[in-house]
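# sequence unknown, structure follows:
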(Lines give C-alpha, C1' and ligand atoms only; values in the text may rest on other atoms or scores of the structure.)
Protein backbone atom coordinates (compact mmCIF):
# COMPACT_ATOMS: atom_id res chain seq x y z
CA UNK A 1 0.00 0.00 0.00
CA UNK A 2 1.46 3.33 -1.01
CA UNK A 3 0.89 6.68 0.62
CA UNK A 4 -0.50 9.44 -1.56
CA UNK A 5 2.19 11.50 -3.24
CA UNK A 6 3.64 14.21 -1.08
CA UNK A 7 2.66 12.52 2.20
CA UNK A 8 4.68 10.25 4.43
CA UNK A 9 3.44 6.77 5.15
CA UNK A 10 2.54 6.15 8.78
CA UNK A 11 2.34 2.39 8.27
CA UNK A 12 5.40 0.36 9.15
CA UNK A 13 5.92 -3.17 7.93
CA UNK A 14 5.48 -5.77 10.65
CA UNK A 15 8.55 -7.46 12.08
CA UNK A 16 8.76 -11.23 11.58
CA UNK A 17 7.42 -13.24 14.49
CA UNK A 18 8.97 -16.58 15.39
CA UNK A 19 6.48 -18.42 17.54
CA UNK A 20 7.89 -20.78 20.14
CA UNK A 21 11.34 -19.17 20.13
CA UNK A 22 12.36 -17.42 23.30
CA UNK A 23 15.74 -15.77 23.38
CA UNK A 24 17.34 -13.71 26.06
CA UNK A 25 18.56 -10.34 24.89
CA UNK A 26 21.47 -10.58 27.32
CA UNK A 27 22.57 -14.20 26.82
CA UNK A 28 21.72 -15.99 23.57
CA UNK A 29 23.63 -19.11 24.69
CA UNK A 30 21.31 -19.70 27.65
CA UNK A 31 18.98 -21.91 25.58
CA UNK A 32 21.89 -23.93 24.27
CA UNK A 33 23.24 -24.49 27.77
CA UNK A 34 19.80 -25.57 28.96
CA UNK A 35 19.57 -28.06 26.09
CA UNK A 36 22.99 -29.46 27.01
CA UNK A 37 21.99 -29.91 30.64
CA UNK A 38 18.81 -31.67 29.55
CA UNK A 39 20.81 -34.00 27.29
CA UNK A 40 23.20 -34.76 30.18
CA UNK A 41 20.23 -35.66 32.38
CA UNK A 42 18.82 -37.95 29.66
CA UNK A 43 22.19 -39.71 29.23
CA UNK A 44 22.60 -40.21 32.97
CA UNK A 45 19.11 -41.71 33.21
CA UNK A 46 19.81 -44.00 30.24
CA UNK A 47 23.06 -45.09 31.89
CA UNK A 48 21.16 -46.02 35.05
CA UNK A 49 18.74 -48.14 33.01
CA UNK A 50 21.45 -49.83 30.92
CA UNK A 51 21.94 -53.49 31.78
CA UNK A 52 25.23 -53.84 29.86
CA UNK A 53 28.15 -52.53 31.97
CA UNK A 54 30.06 -51.33 28.89
CA UNK A 55 27.04 -49.42 27.57
CA UNK A 56 26.46 -47.93 31.03
CA UNK A 57 30.08 -46.75 31.20
CA UNK A 58 29.92 -45.34 27.68
CA UNK A 59 26.80 -43.30 28.52
CA UNK A 60 28.27 -42.09 31.81
CA UNK A 61 31.45 -40.95 30.03
CA UNK A 62 29.45 -39.10 27.36
CA UNK A 63 27.30 -37.42 30.02
CA UNK A 64 30.39 -36.36 31.98
CA UNK A 65 32.07 -34.88 28.90
CA UNK A 66 28.92 -33.01 27.87
CA UNK A 67 28.46 -31.69 31.44
CA UNK A 68 32.06 -30.42 31.47
CA UNK A 69 31.55 -28.76 28.08
CA UNK A 70 28.34 -27.14 29.32
CA UNK A 71 30.09 -25.85 32.43
CA UNK A 72 32.95 -24.40 30.37
CA UNK A 73 30.53 -22.62 28.04
CA UNK A 74 28.46 -21.37 30.94
CA UNK A 75 31.53 -19.96 32.62
CA UNK A 76 32.72 -18.30 29.45
CA UNK A 77 29.36 -16.62 28.82
CA UNK A 78 29.43 -15.27 32.38
CA UNK A 79 33.04 -14.12 32.14
CA UNK A 80 34.25 -16.78 34.58
CA UNK A 81 37.48 -18.65 33.98
CA UNK A 82 36.63 -22.37 34.40
CA UNK A 83 40.33 -23.26 34.87
CA UNK A 84 40.51 -21.50 38.25
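Sure thing, it's come through. As the structure is a prediction and not an experimental result, all values here were calculated from the model.
# and the longest helix for this protein?
The longest helix of the chain (DSSP state H) is helix 53-77.
# residue ranges with poor pLDDT in the chain?
Along the chain, segments meeting pLDDT under 70 span 1-30, 75-84.
# about what we covered before: tell me the buried residues in the longest helix of the chain?
For helix 53-77, a neighbour-count test (16 or more other Cβ atoms under 10 Å) marks 59-60, 62-63, 66-67, 70, 74 as buried. From N, CA and C alone the C-beta is placed, and that goes for glycine too.
# got JSON lines for those, with distance to residue 48 too?
Below are these laid out as JSON lines (distance: Cβ to Cβ, whole Å):
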{"residue": "59", "distance to residue 48": "9"}
{"residue": "60", "distance to residue 48": "9"}
{"residue": "62", "distance to residue 48": "14"}
{"residue": "63", "distance to residue 48": "10"}
{"residue": "66", "distance to residue 48": "16"}
{"residue": "67", "distance to residue 48": "15"}
{"residue": "70", "distance to residue 48": "19"}
{"residue": "74", "distance to residue 48": "24"}
